[in-house]
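Undergrad: Whatever this is, show me its structure:
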Amino acid sequence: MKKMASKERTRFPERFGQLLWQEGSDGGSIWLLFPSSKNAIYGSLVEGQMSAYLPFGWYRCVIDPQQAKTEATAALSREGWEELPIVLVEANRQQVLYIRSEENDEEWTFAGAFEYGIPPKERRLPVRWVRLSEPSPETLLALHGYRPSAPPSDFNVQCDRVLHEAANWSGVVREVSCQLTIDLEKTVYRINLLEGSKPIARKETPYTDEVIRFLRHPLRTGEYFSTKDGTYLKWNPLKDVEYDEVMVKNKEGKREYYHLSVLKPLVHRSTFFSDVLALPSTCEELLRTHESSDIVLQISLDEQKKDRGFKKYLKVHLDGLKDEGRLSGLENENMGIFDVALLAECGQLVDIDSSSRYTLSIDAETLVSLGMVHLLSDYSNLENAIVGHIEELESAEPDEMDLDVEEEEEVLEEGPELRFVRIDVEESVRIKTIDVTVQLCNVDDEDDFVVLTLLSISSEIANAQSVAYDYIEHEIRRNLRGNRISEDTMDEISRETEKALQKKSVRIDYY
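TA: Below is the predicted model of the structure:
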C-alpha cells in the first residue's frame, strides 16, 4: 500500500467510517464499518488476516449471527482492539478507500477501489463480501494530490450502533447438512435437511436453478435460511451438501445412474463456465438424458504460462466425447488447479445440446510433478486420481524409487537442522523480476546461516494480475528440497513469504 504525501487538498465527497482490528494467533479479526451510498453504516467482519491493512483481493465476510455477536461484543469493549478511521471517496464513479495511518494521524494509507456485497434487505449487516482492487487509471489521475479531511467527531458513535445491532442479536441457529436426491415418483429434486442423521426439514422442486439457488442461500443472501418459527438453519454450501447417485431401471430393465454431483460446480460458483457447463432446466429433462459413452478428463499444462506465474495454466481434454455438443467448449477454456478440481468433482457431465450423459474418469498424471496433493483435501476426486498415479509409479519402479528415497534421506541427515530467520524481497528494475530469498540458520549455531532463493516472479506479470498461491507454495518447497527443515518451519516460511509479497503489493490468488 502507498502512503499519501502531504499535498494541496482536492475536494471530493467523503464518507467516514471506522476499522477495528484485533490480532489473533491464527490471524486477526477486522470489523470494517463503512458508509453506504445512502450514508447508512454497514458492518463487515473479516477473519484470518495478518494485518489491519487488507491487500488487494476478494474476502468472504462472516455471516454467522452468533459469531458476529461474539466479535461485536468484544469490539465494543475496545480492549485489545486498534481503532483506525477510514474514508470512502467517490471519484470517476468508483469508491476508493483510505485508512488513516497507524503512525501519524495526519497521514492516510491508500487501500484501493472498494466494492462489497450488500447486507440482507433493510439490514446493516452482515456484508457478504468485500473486495479491494487497483482503481482505473482515470480514477488515479482524478485523485492525484487528494488528501482526506479530518473525520467528524461523532462518526464512531454511528459505527458503534452497527456493533450494538450485532451484539443484541438473539435467535436459535441449528447446524444442518443437505442431501440432494430425486423423488422418482414425483419427478422432482428433493433436498433433505439433516441435523446429524435426523431429517428435520425438506424442500422439493422440479427446477434445477431453484435447487442451486436454495443450496447457495447463505452465500447468495448473506444470512441463513429461516424457518416459519424463526429458527435459522446453518449450512456451508461448499462443504455440507451431499450429492446422491440415483439409480433408475430403464425400459430394458438395465440400471442407469444419475450423478447429481453434476450440480456441484454451480453450487460452489454460480457462473462456473456456465456457457458450456449448462444443465437441463428441470428434473424431468435430466431424467430424459440418455447414457452415452464414458469419457476421460485428461489434464495438460502450459509450462510457459506456469513458469511465468499465470494462475490459469491448465487445459482439459474430454477423451471419448463423441458428440460435438456444448461440452466440447470446456477444451477451449484456460483453467487453474481449483477450476479443474471442481470440474473433476462431477461423477458425470451432461451435454444439453445432445441430451447426453457421460460418466467421467480422471487422468491427472501430468499433475503429479506439481506436488499439489496437499492443496486438494476438499476435492477428493482429483486428489485420489493424483495419489493413484503416484502409487502406480511407485509400484512400477520399486527399486529405483526406493533408492531415490534412501539417497534423499541420507542428504537430509548429513546437513544441520535449519530454522527461519527472515524473508527478503528485492525487485530488479533491469531484468524486471521480484526475487524472494530466505535466511536460515543452524538451530545449534546462530553464526552458521545460509541464504536461499525461494522464487522469482516477473514484476510485469505481478503488476498486471494475481499470482497463484499454489505456484508460490510449489516453488518454495521445490527450492528448499534437500535441506533439513521441519514442517512447522516450512509453514512459517510460507506465511512470511506471503506477508512479504503482500507488502510489495503483489496480489495472491487463493482460489
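Undergrad: Only C-alpha atoms from now on, for both contacts and neighbour counts.
TA: Fine.
Undergrad: residue contacts, K306?
TA: By CA atoms under 8 Å, 6 or more residues apart in numbering, the contact set of K306 is K312, Y313, Y471.
Undergrad: Any chance of CSV for these, columns pLDDT and secondary structure?
TA: Formatted as CSV, the contacts of K306 follow (pLDDT from 0 to 100; DSSP: H, G, I helix; E, B strand; the rest coil):
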residue, pLDDT, secondary structure
K312, 93, coil
Y313, 94, coil
Y471, 83, helix
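Undergrad: So which of these is the closest to T453?
TA: Comparing the contacts of K306 against T453 with CA to CA places Y471 closest, at 14.8 Å.
Undergrad: Make a ChimeraX selection of the buried ones in the contacts of K306.
TA: A single ChimeraX command selects the buried members of these (16 or more other CA atoms under 10 Å):
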select :312,313,471
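Undergrad: Could you pull out the strands in the stretch 401-511 of the chain for me?
TA: Taking DSSP state E, counting those that start in this stretch as the criterion, the stretch 401-511 of the chain contains strands spanning 417-428, 433-442, 445-458, 467-468, 484-485, 508-509.
Undergrad: just how off-centre is the first one within its chain?
TA: To tie it back to what came earlier, the one meant is strand 417-428. Strand 417-428 has its C-alpha centroid displaced from the chain centroid by 26 Å (CA atoms, centre = their mean, to the nearest Å).
Undergrad: Equivalent analysis for the fourth one, please.
TA: Its chain's C-alpha centre and that of strand 467-468 lie 12 Å apart, by CA atoms, centre = their mean.
Undergrad: helices and strands around it, which ones?
TA: With contacts taken as 3 or more CA pairs under 8 Å, 6 or more residues apart in numbering; DSSP states H and E, strand 467-468 sits against strand 508-509.
Undergrad: Run a quick check on P199 versus Q179, I expect a contact.
TA: No: if you go by CA atoms under 8 Å, P199 and Q179 don't touch, sitting 9.7 Å apart.
Undergrad: so where's the stretch 401-511 of the chain shaky on pLDDT?
TA: For the stretch 401-511 of the chain, applying pLDDT under 70 flags the ranges 401-415, 429-431, 460-461, 464, 510-511.
Undergrad: ok, now with 80
TA: Scanning the stretch 401-511 of the chain for pLDDT under 80 picks out the ranges 401-415, 428-432, 444-449, 458-466, 509-511.
Undergrad: and what of the chain?
TA: For the chain (pLDDT under 80), the answer is 1-11, 25-26, 37-39, 102-106, 323-324, 393-415, 428-432, 444-449, 458-466, 509-511.
Undergrad: Do a quick rundown of the helices in it.
TA: 65-77, 137-142, 155-167, 208-215, 217-221, 264-268, 283-287, 303-307, 337-344, 380-396, 398-414, 459-464, 469-480, 487-503 (DSSP state H).
Undergrad: nearest to R11, of those?
TA: That would be helix 137-142 among the helices of the chain, by CA to CA, at 10.7 Å.
Undergrad: how far is the closest one from where the chain is centred?
TA: Centre-to-centre, helix 137-142 and its host chain are 29 Å apart (CA atoms, centre = their mean).
Undergrad: which one among the contacts of K306 gets closest to N334?
TA: Comparing those against N334 with CA to CA picks out K312 as the nearest, at 5.5 Å.
Undergrad: you'd agree that closest one is up against V340?
TA: No: here K312 does not reach V340: they are 10.1 Å apart, not a contact under CA under 8 Å.
Undergrad: about what we covered before: in TSV: the helices of the chain, plus distance to L54.
TA: TSV is the format used below for those (distance: least, CA to CA, whole Å):
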stretch	distance to L54
helix 65-77	19
helix 137-142	19
helix 155-167	20
helix 208-215	30
helix 217-221	21
helix 264-268	24
helix 283-287	43
helix 303-307	26
helix 337-344	23
helix 380-396	31
helix 398-414	38
helix 459-464	17
helix 469-480	16
helix 487-503	9
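Undergrad: Among these, which comes closest to Q94?
TA: Between Q94 and those, the shortest separation by CA to CA is 7.2 Å, and it involves helix 137-142.
Undergrad: got the buried residues for that closest one?
TA: Quick answer for helix 137-142 (16+ other CA under 10 Å): T139, L140.
Undergrad: same thing with stretch 329-340?
TA: L330, N334, M335, G336, I337, F338, D339, V340.
Undergrad: quick one on the thing from earlier: show me which of the strands of the stretch 401-511 of the chain has the highest average neighbour count.
TA: Among the strands of the stretch 401-511 of the chain, strand 467-468 has the highest mean neighbour count (mean count of other CA atoms under 10 Å), at a mean of 21.
Undergrad: circling back: closest one to Y59 among the strands of the stretch 401-511 of the chain?
TA: Among those, strand 508-509 sits nearest to Y59 (CA to CA), with 11.0 Å.
Undergrad: helices and strands around the closest one, which ones?
TA: Judged by 3+ CA pairs under 8 Å, 6+ apart, the packing partners of strand 508-509 are strand 467-468.
Undergrad: Using PDB, list the CA coordinates for stretch 478-487.
TA: Taking Å, rounded to 0.1, in the frame of the first residue of the first chain, the C-alpha atoms of stretch 478-487 are listed here in PDB:
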ATOM      1  CA  ARG A 478      11.000 -27.200  -4.600                       C
ATOM      2  CA  ASN A 479      13.800 -24.700  -3.900                       C
ATOM      3  CA  LEU A 480      14.100 -25.800  -0.200                       C
ATOM      4  CA  ARG A 481      14.300 -29.500  -1.100                       C
ATOM      5  CA  GLY A 482      17.400 -31.200   0.300                       C
ATOM      6  CA  ASN A 483      17.600 -29.100   3.500                       C
ATOM      7  CA  ARG A 484      16.700 -30.200   6.900                       C
ATOM      8  CA  ILE A 485      13.700 -28.100   7.600                       C
ATOM      9  CA  SER A 486      10.800 -29.100   9.900                       C
ATOM     10  CA  GLU A 487       7.200 -28.900   8.600                       C
END
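Undergrad: what distance separates that stretch from the centre of its chain?
TA: A distance of 27 Å separates the centroid of the chain from that of stretch 478-487, by CA atoms, centre = their mean.
Undergrad: Pull out the buried positions in it.
TA: Quick answer for stretch 478-487 (16+ other CA under 10 Å): N483, R484, I485.
Undergrad: again with stretch 51-58
TA: With the criterion 16+ other CA under 10 Å, stretch 51-58 contains buried residues A52, Y53, L54, P55, F56, G57, W58.
Undergrad: Now find how far off-centre stretch 75-95 is within its chain.
TA: Taking mean C-alpha positions (CA atoms, centre = their mean), stretch 75-95 and its chain are 24 Å apart.
Undergrad: Buried residues, that stretch. List them.
TA: In stretch 75-95, counting by 16+ other CA under 10 Å, buried: 75, 81, 83-92, 94-95.
Undergrad: and which of the residues you listed is nearest to R495?
TA: Distance to R495 across the buried residues of stretch 75-95 (CA to CA) is lowest for W81, with 23.0 Å.
Undergrad: Just give the nearest non-adjacent residue to that closest one, would you?
TA: Spatially, and ignoring its direct neighbours in sequence, W81 is nearest to Q22 (4.7 Å; CA to CA, 6 or more residues apart in numbering).
Undergrad: tell me, how many neighbours does that neighbour end up with?
TA: For Q22, the count of nearby residues is 23 (other CA atoms under 10 Å).
Undergrad: on that earlier part again, including distance to V387, could the buried residues of stretch 51-58 go into a markdown table?
TA: Shown next, in a markdown table, are the buried residues of stretch 51-58 (distance: CA to CA, whole Å):
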| residue | distance to V387 |
| --- | --- |
| A52 | 39 |
| Y53 | 39 |
| L54 | 36 |
| P55 | 34 |
| F56 | 34 |
| G57 | 32 |
| W58 | 31 |
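Undergrad: list the contacts for the residue lying closest to T366 once chain neighbours are set aside?
TA: The spatially closest residue to T366, leaving aside those adjacent along the chain, is S300, at 6.2 Å (CA to CA, 6+ apart). Contact analysis of S300 by CA under 8 Å, 6+ apart lists L314, K315, V316, T366, L367.
Undergrad: Cheers, nothing more for now.
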